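Student: quick one: sequence plus predicted model below, questions after.
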Amino acid sequence: MIDPSYIDRYSNIDAIYQKLDARVKLLITIIFIIVMTVFVGDNPLRIIPFFIFIVILSAMSKLSPKVLFRRSLPAFPFLFFASLTLWFSKGNHPAISVFLKGLVSVLSVIILVSTTNFSNLLRGLEGLKTPSLIVSMLSFVYRYVFIITDEYSHIKIARESRNFGGSKRWQWKTIGYSMGSLFLHSYERGNWVYSAMAARGYNGNIRVQKLQQIGIGDVIFVVISITYLIIAVWILS
Amino acid sequence: MHIPDGFLEPEVWIPLTAISGMSLVSVSRKISDGMDEEAIPLMGVMAAFVFAAQMINFPVGGGTSGHLMGGVLIAAIVGPYGGLIIMSTILILQALLFQDGGITTLGANIFNMGIVGTLFGYLIFKGINWLTGNVRFSVFAASWFSVAAASAVTAIELSLSGIIPMKVSLPAMIGVHSIIGIGEGIITISALELVSKVKKETILVDITDENRIRKKSSWIWLAVSIAIAAILSPFASKLPDGLERVAETFGFIGRKKLTLYSLFRDYQISDIYGKVSTVIAGVMGVLIAFALSYTVIKVLKGMRSKR
């Protein structure tokens, strides 16, 4: 269902953007998306400076347009559907601009995620004061979601090979039972994971390597991007 | 139901982000205090379970398929607060890794599916269970509600941002999701049924618990109020609302954005679809009323016992 190598495939390329601190990248991405969604408005042409920013980032990270396009595909159906309804109600310009806003922010998140390996990203989130419970939950989901979807595909094969079909109600019920047993499998696995962790000295805190200090490169990157965004907003207004 | 970036105006997403952020911080503090170390790995794997469960499609009809939201399911397994944390974890991961939902809209998505779909869904379960004593029915009603209500707030947020007018988005979203909600209800019941039969001690809500005394009179009350709401709601929404009338007279109705009365303003449209959705909105109102009365009574009881 999901390919485990999907997420971290491009995070170890030797490029400038990959070497920046995760906190810095996360912060700039969030600021970028907020500024863009607020200041673009209804005129699609106003997206140009923000699009240039994305192009610069992707050049800095050596990600090919093909990769970016392929990874943004899952976001297209909703973007397309919603802008279509907007097109009916409000006309060309707002619809195109909403579509582009959505697309550019998706691209910026894709650049962030594919250039940062996941554990660094989590530490970045922690650095930005995300509750530690949620950060450790994220790391567990990241580790186990592939195993559990795999588990479900076994259940599904077993179900299909026994002639799954019939009335809709029956199908819903059967899917419910499969989910119940998926839960039981996951619960058992959760207990094993805990025993294994306890055996290795786990006492409720997950110990992680400290993030590196913010370097001079990070500071320069922040200053340049913020200046760029300020100039972009100044030109637009 | 995941809203991408660029679809919500700052007036809409900033307050929602504040609400979700604050409730997430306070809930995770609350949980971390009373939690033993064993619970974190277990909750993490449970979150992975819900993530996987959300990818499973079930047929809805007309060639389309829906997928589980799992809010009430996870709340019935680990409780409402754990459910909120798990749901938010999943939404963060979906936004970051799978481009399902945006960054600025993350707060709104957590509000729709975590706070409304999970926390409030659990409250609905509690309210109806307290009234009827029937676990199975309450689980079904709460699951259905959680999906329908989450889709309704999504539609409201989109139209407050001026994307899709309320009279289009609300009937369309609620119409589709009240069918998906039936699937969600049946799947949630049967999943809990299997787990209750096999390993009762692992979950919070035991669905096979039939020992309670059924309060027959309250069943009738519930049925009557849902019927009244279903019959009266189409008429009620046709009558001009008092506040709306005043607003029209004084001419500030032109400023549609973010005025509370515009939330529920004449969203009925002439076709059947619209009527059905008004009826559904009425039924949802009844469920909310029961959940609220349950909370009020619980709070009052708590105050009395403290004295």
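Tutor: Ah, there it is.
Student: which stretches of the stretch 151-300 of chain B form helices?
Tutor: With DSSP state H, counting those that start in this stretch, the ranges of helices along the stretch 151-300 of chain B come out as B:166-198, B:216-236, B:242-250, B:272-306.
Student: by mean pLDDT, show me the worst of those.
Tutor: Least confidently modelled of these is helix B:242-250, at a mean of 44 by mean pLDDT.
Student: show me what contacts residue B:225?
Tutor: Residues counted as contacts of residue B:225 (Cβ atoms under 8 Å, 6 or more residues apart in numbering or on different chains) are B:286, B:289. C-beta coordinates here come from the backbone N, C-alpha and C atoms, glycine included.
Student: would the strand or helix carrying residue B:86 count as contacting chain A?
Tutor: Using DSSP states H and E, residue B:86 maps to helix B:80-97. Yes: against chain A, helix B:80-97 shows contacts by Cβ under 8 Å from any Cβ of the partner chain at B:85, B:86, B:88, B:89, B:90, B:92, B:93, B:95, B:96, B:97.
Student: helices and strands of chain A: which one has the lowest mean pLDDT?
Tutor: helix A:76-90 (a mean of 79; mean pLDDT, DSSP states H and E).
Student: what kind of secondary structure is the closest residue to chain A within chain B in?
Tutor: Nearest residue of chain B to chain A, counting by Cβ to the nearest Cβ: residue B:44, 2.3 Å away. Of the three states, residue B:44 takes helix under DSSP: H, G, I helix; E, B strand; the rest coil.
Student: tell me which element the closest residue to it other than its chain neighbours is part of?
Tutor: Nearest non-adjacent residue to residue B:44, counting by Cβ to Cβ, 6 or more residues apart in numbering or on different chains: residue A:140, 2.3 Å away. Using DSSP H and E, residue A:140 falls within helix A:132-160.
Student: the residue nearest to residue B:179 when sequence neighbours are not counted: what's it in contact with?
Tutor: Excluding the flanking residues, the one nearest residue B:179 by Cβ to Cβ, 6+ apart is residue B:60, at 5.6 Å. When the contact criterion is Cβ under 8 Å, 6+ apart, the partners of residue B:60 are B:66, B:179, B:180, B:183.
Student: cool, and residue B:95?
Tutor: Here residue B:95 is in contact with A:109, B:2, B:101, B:102, B:103, B:106, B:109 (criterion: Cβ under 8 Å, 6+ apart).
Student: check which helix or strand covers residue A:122.
Tutor: Secondary structure assignment for residue A:122, by DSSP H and E: helix A:118-127.
Student: what angle do helix B:80-97 and that helix make with each other?
Tutor: Here helix A:118-127 points in a direction 120 degrees away from that of helix B:80-97 (axes from the mean of the first three to the mean of the last three Cα atoms, to 10 degrees).
Student: please report phi then psi for residue A:129.
Tutor: Phi and psi for residue A:129, reported as degrees, to the nearest 10, are phi 70, psi 30.
Student: give me the residue from chain A nearest chain B.
Tutor: Going by Cβ to the nearest Cβ, chain B is nearest to residue A:140 of chain A, at 2.3 Å.
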